[in-house]
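S.K.: predicted model and sequence below, questions to follow.
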Amino acid sequence: MAGEKKINGYVKRYFKHQALVQKYAAKLEKLKPLKRKMDATEIDMKIKRQTLTGGEMHRATTIIVQQMKATEAMAGFNNRHED
């Protein structure tokens, strides 16, 4: 039959897609504890942020930016190859 090859191609891709969907769902299930921890720390951070004054928040933001820049700089330094 002329359409048999097309049908088989579709069926093959369908099952491949279903396998990927199941694999993705399994990965998400494994990540649930990490997601709960992230959510809890976000709530904790928001509560703590509410206690900061404007000046304290500015200082905290400055420290965060400095730390992020230092981390980025170190990441770039660690990826260099010596010749």
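M.R.: Great, that's in hand.

S.K.: how close does residue 70 sit to residue 27?
M.R.: 32 Å (Cβ to Cβ, to the nearest Å). For the C-beta atoms, the positions are set from N, CA and C on the backbone; glycine is no exception.

S.K.: and the contacts of the helix or strand of the chain with the lowest mean pLDDT?
M.R.: Every helix and strand of the chain was ranked by mean pLDDT, DSSP states H and E. The lowest is helix 54-78, at a mean of 90. Helix 54-78 is touched from outside by 49, 52, with contacts defined as Cβ atoms under 8 Å, 6 or more residues apart in numbering.

S.K.: quick check: domain ranges of the protein?
M.R.: By the assignment in automatic domain parsing, the chain contains the domains 1-51, 53-83.

S.K.: can you list those in TSV and add mean neighbour count?
M.R.: Shown next, in TSV, are the domains of the chain (neighbours: other Cβ atoms under 10 Å):
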stretch	mean neighbour count
domain 1-51	10
domain 53-83	9
